[in-house]
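# Got a sequence here, can you build the structure:
(one chain, ligands or ions: 1)
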Amino acid sequence: MPDLTTKFIGLSLRNPLIAASSGLTNSLEDIVEFEKSGVGAVVLKSLFEEEIRIEMKKDLSKMTQESFIYPETIDFYDNFYDVEDMLTKYLTLIGEAKKTVSIPIIASINCVTAEKWPYYASTLQDAGADALELNVFSLPSDFSHTPEKDERLYFDIVEAIKDKVNIPVIFKIGFYSSNLASLIHRLSKTEVAAITLFNRFYSPDIDIENFQVLSSYVLSSPDELPLSLRWIAIMAGRVECDLAASTGVHNGQALIKQILAGANAVQVASAFYIHGKEYAGQMIMALEEWMDKHGFNTIDECRGKMSYSHIDNPAAYERTQFMKHFAGKE
Ligand SMILES: Cc1cc2nc3c(=O)[nH]c(=O)nc-3n(C[C@H](O)[C@H](O)[C@H](O)COP(=O)(O)O)c2cc1C
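Okay, the predicted model is just below:
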């Protein structure tokens, strides 16, 4: 049978499929189930920067609503001590997971600034996390900012985190950037061990009867695969760090496509919500059977075979308008 073992951020994974950060990776039971289902690693549900800031502010009673970047954070908890408790639980979860399972455990933080919270990251490392994924989200919606100002956040975070931890750090980013290829390329030259393409944002919708903005489509659909597939293919082999694919991977075929595009690892969340954690086993089996059918012995042999750098017509990944595609559809 083909060998699925994969090197990702210096860690040895039994295969490239990773359970992405979500509500499904928030307990020891979940992690044990994911290990049984066959995934190569688990990214824990994220802590939010604001939760960490609360923990760091010892005199909790002094915290006011204004201290929060997003006031709704305050509504999320009954009181600040719940937050403190939650951080302790997170560290305990990492420790217990490390004692119980043998797959790597990747801690995760959602961050919007480079301030204060990086000090806390070392406690995740001390608790035993094998790596840290930083979900860095910044919607460039403020038109008074220059692209440079919006991008500065990413590099400020690298600067702030690099002395705090020595475990590998993964940056999970969104696709909004004035020059995405340049941003990914420049980030890859920093201490970042991998970049995850892409985080999937909360998507707004409008309730036309009640005139309210709602959250829509919490789960992705298979139609969303091409966005991450395109950018993995364009950047693979041209960056100085690993790449993980995320968004729209709903079956074994999509997993194979991301590896062919050049992903070092592939993260999945929505498909596990829809089909259950055990679905990972089917995805891995599909990969194994496909490798066997096409005579690939190792993941390295097929990774990047269809990336921008390895195909005869790389422009296929850059083409955004094409007449032939629509010909005959009118
Ligand atoms: C219910 C839910 C909760 C999520 N929570 C987190 C989170 O805490 N941190 C994070 O980085 N991503 C989170 N994600 C995003 C996923 O990790 C993933 O990047 C995204 O869903 C796209 O992958 P998919 O198409 O496989 O779902 C969440 C996704 C879902 C569906």
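# Does the residue lying closest to Val101 once chain neighbours are set aside lie in a helix or a strand, and which?
Nearest non-adjacent residue to Val101, counting by C-beta to C-beta, 6 or more residues apart in numbering: Glu35, 4.4 Å away. From N, CA and C alone the C-beta is placed, and that goes for glycine too. Glu35 is part of helix 28-37 when elements are defined by DSSP states H and E.
# which residues are contacting the next helix or strand after that helix?
Downstream of helix 28-37, the first helix or strand assigned by DSSP H and E is strand 41-43. Contacts to strand 41-43, defined as C-beta atoms under 8 Å, 6 or more residues apart in numbering, come from residues 8, 11, 13, 18-21, 25, 30-31, 34-35, 97, 101, 103-106, 108, 130, 133, 265, 267.
# can you pull the buried residues of stretch 165-174?
165, 167-174 (16 or more other C-beta atoms under 10 Å).
# swap in stretch 196-207?
Buried, per 16+ other C-beta under 10 Å, within stretch 196-207: 196-200.
# now do stretch 181-196
The neighbour-count check on stretch 181-196 (16+ other C-beta under 10 Å) flags 183-185, 187-188, 190, 192-196 as buried.
# That stretch near the ligand at all?
No. Applying C-beta under 6 Å from any ligand atom, one finds stretch 181-196 separated from the ligand by no less than 7.3 Å.
# As CSV, could you dump the C-alpha coordinates of that stretch?
Output of stretch 181-196 as CSV, limited to C-alpha atoms (Å, rounded to 0.1, in the frame of the first residue of the first chain):
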residue,chain,number,x,y,z
ALA,A,181,0.7,36.5,-3.9
SER,A,182,3.1,39.1,-2.7
LEU,A,183,1.7,38.9,0.9
ILE,A,184,2.0,35.1,1.0
HIS,A,185,5.4,35.2,-0.5
ARG,A,186,6.7,37.8,2.0
LEU,A,187,5.1,36.0,4.9
SER,A,188,6.8,32.8,3.9
LYS,A,189,10.2,34.4,4.2
THR,A,190,9.6,35.2,7.9
GLU,A,191,9.8,32.6,10.7
VAL,A,192,6.3,31.3,9.9
ALA,A,193,6.5,27.5,9.4
ALA,A,194,3.3,27.3,7.2
ILE,A,195,0.5,29.4,5.8
THR,A,196,-3.1,28.1,5.7
